[in-house]
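Need coordinates for the below:
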Amino acid sequence: MAFSEDMESVGKFAPRKLWVLFVTILRIWWARFRYRTPVLYYPPSGPNKVPVLRDLILLGATRWLFSKVVFHFHASGVSAYESELPAVFRPLFHFAYRKPALAIRTAPQNPEDGSALGASRSVVIPNGIDDERGTVPERNARIGERLVILFTGVLIPSKGVRDLLQAFAMAVEQGLDAELQLMGKWGEHAFKTECEDLIRMNGLEERVVFLGVLSGREKAVRFAACDIFCFPSYFEAESFGLVLVEAMQFAKPVISTEWRGIPSVVENGRNGYLVPVHDPPAVAEKLVQLGADQRLRNRMGEEGRRIFERKFTLKAFHQAMERELLGLFEQQ
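Okay, the predicted model is just below:
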C-alpha cells in the first residue's frame, strides 16, 4: 500500500493519498467477494495522526466484511495512540483496531500492541530476507587501507544520522582512518543543510560520502564492500532494523542502539555492539574498537552470518507465517 511517494510525505496529508485510499478499499472489497476469503491481513500504521486516521477509514470500511483480522506490526506503538486522539475518534479506533484474531510483531522487545488491543493470539515472527551473499564481490580491508563504514536508511534525525556524524568526527579525531558512506534519501532539506554544515565544521568533506538511494545489485555491492555497518537509530516506529540483517548476511559487524526490536537482531558482544540512544561518544568508542582490530571484525561478522542463517532467512520467515496463517483458516 504505497500511500506515500517519498519520505517527505510520510505522515502528512496529500490529496493523492485520498485516491489511493479509495482504490485500496475497493480492491479489498473486490478480493473479499472474488475469492471469498474470511481473513483480512493488514499492517497497521505507526503512532502518527495522519496514518492512524487512514487506518480508521480503511478498516472501518472493510474490517466488518471479514470474520477474522490479522495485524502485522511492522511499525510499533499504535496501541498507545488512542489517548492522543480526540474523543470523537475513539469509538472508531476501537472498531478498527480492537480484538484481532492474530497479532504479529517482529521482535519480543517491541511494544505489545496486539495484547494491548485484545488480540486472541500474539506471536513474534522475525523478518527474513533473500540471501544475496555470493552474488557480488566482498571486501576485507588490508592493513593500512582506509576502512569503510556504511549507514543505510532514511536520512532523518531519528535514524541516528546526526549522532553518527558526530560519532564519526570523534572517531577520526581519535585516529580512525575511515570513510563514512550514507545510503538513503534525505527526509528534509533543512536537516541536509545541518548535516553538511556539521561535516564542514569537522573537516570531513573528504571522508563522508552520500550515496543516494540504491537498490538491487547496487545496494548489495555497498553492503559487501563495507567493513562496519553502523545504525544508531531511535526512530519512533522502529520495530526491527532490517538493514542490520542485510549487513549480517554479508558477515559484517554491526553497531546499533538499545532501541525497540534492534536487540533481537544484534547480540551485544557477539555479532556487534549495542549502545544507548543519543550517545555519540559510545558509538565513536565502538567504531574505534572495531576499526583497530581486523580479527574482531571478522569474528563478529561471521557470527552475524551464522545468526542470519539460523533466524533471519526468507525461508524461516515464510515457514513461520504459513504456520500461523494456516492455523487461522483451520479454525474456520
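
Quick one: neighbours of Arg32, just the number.
Neighbours of Arg32 under the rule other Cβ atoms under 10 Å: 15. Backbone N, C-alpha and C define where each C-beta goes, glycine included.

What residue, apart from its backbone neighbours, is nearest it spatially?
Leu65 (4.9 Å; Cβ to Cβ, 6 or more residues apart in numbering).

quick one: that neighbour and Trp29 touch, right?
Yes: counting by Cβ atoms under 8 Å, Leu65 does reach Trp29; the two are 7.1 Å apart.

Give me the domain ranges for this protein.
Split into domains by automatic domain parsing, the chain comes to 7-128+314-330, 147-311.

Among those domains, which comes closest to Pro137?
domain 147-311 (6.5 Å; Cβ to Cβ).

what about the closest one, start to end distance?
With Cα to Cα, to the nearest Å as the measure, the ends of domain 147-311 fall 29 Å from one another.

Stretch 84-99 too?
Terminal residues of stretch 84-99 lie 20 Å apart, using Cα to Cα.

Mind checking the pLDDT average for that stretch?
Here stretch 84-99 scores 95 as its mean pLDDT.

Measure how far that stretch is from the centre of its chain, please.
26 Å (Cα atoms, centre = their mean, to the nearest Å).

same thing with stretch 321-332?
26 Å.

Please, where are all the strands along the stretch 1-150 of the chain?
Secondary structure of the stretch 1-150 of the chain (DSSP state E, counting those that start in this stretch): strands located at 39-42, 68-73, 102-105, 122-124, 147-152.

per-residue confidence averaged over the shortest one?
Confidence over strand 122-124 (mean pLDDT, whole number) is 97.

i'd like the first residue to be 44 from this point on
Renumbered: residue one is now 44, and that last one reads strand 165-167.

and that strand, what other elements does it pack with?
Contacts defined by 3 or more Cβ pairs under 8 Å, 6 or more residues apart in numbering; DSSP states H and E place strand 165-167 against strand 145-148.

circling back to that earlier point, including mean neighbour count and distance to Arg176, could the strands of the stretch 44-193 of the chain go into a markdown table?
Listed next are the strands of the stretch 44-193 of the chain as a markdown table, based on neighbours: other Cβ atoms under 10 Å; distance: least, Cβ to Cβ, whole Å:
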| stretch | mean neighbour count | distance to Arg176 |
| --- | --- | --- |
| strand 82-85 | 18 | 30 |
| strand 111-116 | 22 | 27 |
| strand 145-148 | 24 | 27 |
| strand 165-167 | 17 | 25 |
| strand 190-195 | 23 | 15 |
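
Same list, these, but as a markdown table with distance to Leu135 please.
Output for these, formatted as a markdown table (distance: least, Cβ to Cβ, whole Å):
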| stretch | distance to Leu135 |
| --- | --- |
| strand 82-85 | 15 |
| strand 111-116 | 15 |
| strand 145-148 | 19 |
| strand 165-167 | 23 |
| strand 190-195 | 37 |
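
Isn't Arg141 up against Ala159?
No: here Arg141 lies out of contact with Ala159, judged by Cβ under 8 Å, at a distance of 9.9 Å.

Give me the nearest residue to Pro200, chain neighbours excluded.
Distance criterion Cβ to Cβ, 6+ apart; nearest residue to Pro200, sequence neighbours excluded, is Phe234 at 6.3 Å.

now for the host helix or strand of that neighbour, which elements pack on it?
Taking DSSP states H and E as the definition, Phe234 sits inside helix 232-244. Counting contacts by 3+ Cβ pairs under 8 Å, 6+ apart, helix 232-244 packs against helix 204-216.

If we go by neighbour counts, what in the helix it packs on is buried?
204-215 (16 or more other Cβ atoms under 10 Å).

Poorly predicted segments of the stretch 144-293 of the chain, please.
Along the stretch 144-293 of the chain, the model assigns pLDDT under 70 to residues 183-187.

how close does the residue nearest in space to the middle of the chain get to Tyr124?
Using Cα atoms, centre = their mean, the residue of the chain that lies closest to the mean C-alpha position is Gly284, 3.7 Å off. For Gly284, the distance to Tyr124 equals 22 Å [Cβ to Cβ, to the nearest Å].

and what of Leu96?
Applying Cβ to Cβ, the value for Leu96 to Tyr124 is 10 Å.

ok so, going back, which of the domains of the chain sits most buried?
Among those, judged by mean count of other Cβ atoms under 10 Å, the one packed with the most neighbours on average is domain 190-354 (a mean of 19).

what are the ranges of the strands in the stretch 244-375 of the chain?
Per DSSP E, counting those that start in this stretch, the stretch 244-375 of the chain carries strands over the ranges 251-255, 271-274, 297-300, 315-318.

could you dump these to JSON lines with distance to His361?
As requested, those are exported to JSON lines (distance: least, Cβ to Cβ, whole Å):
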{"stretch": "strand 251-255", "distance to His361": "30"}
{"stretch": "strand 271-274", "distance to His361": "25"}
{"stretch": "strand 297-300", "distance to His361": "24"}
{"stretch": "strand 315-318", "distance to His361": "26"}
